[in-house]
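Novice: take this sequence and fold it.
(one chain, ligands or ions: 1)
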Amino acid sequence: MLIAHISDLHCGPELEENMLKTGIEEINTLEPDLVVVTGDLTENGYLSEFKLVKHFLSKLKCNTIIVGTGNHDYKHTGYLLCQKFFPRPEVIEVNGIVIVYLSSARPDRDEGEVGLRQLLWLESILQQKYKGFFKLIAMHHHLIPVPDTGIERNTVNDAGDVLKTLTSEKVNLVLCGHKHRPWMWKLENLIIIHAGSLSSKRLRGFFKNSYNIIKVDGSHVSVKFKVVNGPELDIKDIHQPYIRI
Ligand SMILES: [Fe+2]
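Specialist: Modelled structure (predicted):
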């Protein structure tokens with residue numbers, strides 16, 4: 001199972017349109033089984049920005065595309081537009097993998113929150129229907145702080161409770177974004193992969209626009225961090241604060 005994981009497109013004044021176009025072309029040549037988009041599709045949650053991102057995402061060639069939203073999409077009452085343009089996918093099954101998109105964004109707030117009700121719902125569906133499945137959870141906000149991103153201000157408010165649920169329910173993989181810095185953590189048997197920004201000008205230091213190419217083979221997960229218009233990087237490469245390309 002080949003997964004292309006993209007995040008933080010930020011369609012609007014901060015968009016690097018060439019990066020978005022090139023990134024989508026590169027992903028189409030990979031012919032992934034699944035594309036997961038972990039939010040911040042727009043910069044300000046405006047209608048024109050939602051139309052723009054819808055247009056670009058329609059160029060993706062993949063049978064299963066999961067598009068989630070982030071805190072920027074919820075700005076300026078954008079949460080109403082999210083429901084129209086990208087209704088929350090919730091639960092999808094592909095080739096023995098169950099994928100759940102958790103909503104961590106709240107209107108006009110930068111920090112994330114999953115919430116007790118959503119966590120209880122997640123526990124019940126995983127226990128009732130998906131024992132033995134490879135379990136993939138996608139969300140916008142980073143569950144664990146990411147290095148090289150300055151002072152931590154807006155992680156998930158209830159990250160401890162979310163991590164407890166994810167580890168006790170034997171979730172295999174979490175995909176998230178938000179910090180525009182690719183990274184990977186392993187916590188017990190849970191792998192948490194963070195995507196950089198596919199196409200925003202708001203990058204950190206020397207990090208470039210990038211996306212993740214993830215392979216799932218049984219319960220084994222491998223990842224490459226792909227710079228748009230640049231090389232595929234291994235985990236050891238992204239541990240360096242300066243990506244040399
Ligand atoms: Fe964000």
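Novice: next to the ion, which bits of this protein? Give me the list.
Specialist: With the criterion set to Cβ under 5 Å from the ion, the chain comes near the ion through 40, 70-71, 178. The way it works is simple: take the backbone N, C-alpha and C, and place the C-beta from them, glycine included.
Novice: now with 8 Å, please.
Specialist: 8, 39-40, 70-72, 105, 110, 140-141, 154, 177-179 (Cβ under 8 Å from the ion).
Novice: tell me where this protein has helices.
Specialist: When secondary structure is read from DSSP state H, the chain shows helices at 17-30, 47-57, 78-85, 116-129, 159-168, 235-238.
Novice: okay if I get those helices as CSV plus mean pLDDT?
Specialist: What follows is the helices of the chain, written out as CSV (pLDDT from 0 to 100):
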stretch, mean pLDDT
helix 17-30, 98
helix 47-57, 98
helix 78-85, 94
helix 116-129, 96
helix 159-168, 97
helix 235-238, 84
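Novice: okay if I get those as a markdown table plus distance to residue 227?
Specialist: Supplementary listing: the helices of the chain in a markdown table, determined by distance: least, Cβ to Cβ, whole Å:
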| stretch | distance to residue 227 |
| --- | --- |
| helix 17-30 | 10 |
| helix 47-57 | 19 |
| helix 78-85 | 28 |
| helix 116-129 | 33 |
| helix 159-168 | 28 |
| helix 235-238 | 10 |
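Novice: closest to residue 223 out of the ones you listed?
Specialist: Across the helices of the chain, the minimum distance to residue 223, taken as Cβ to Cβ, is reached by helix 235-238, at 7.1 Å.
Novice: and the closest one, what's buried?
Specialist: Taking 16 or more other Cβ atoms under 10 Å as the basis for neighbour counts, the residues of helix 235-238 that come out buried are 237-238.
Novice: spatially central residue in the chain, please.
Specialist: In the chain, the C-alpha closest to the average C-alpha coordinate belongs to residue 38, at a distance of 2.8 Å (Cα atoms, centre = their mean).
Novice: for that one, name its beta-bridge partners.
Specialist: residue 68 (DSSP bridges).
Novice: same thing with residue 211?
Specialist: In this structure, residue 211 has beta-bridge partners residue 226, where bridges are defined by DSSP bridges.
Novice: show me what contacts it?
Specialist: Counting by Cβ atoms under 8 Å, 6 or more residues apart in numbering, residue 211 touches 4-7, 23, 27, 195-196, 198, 226, 228.
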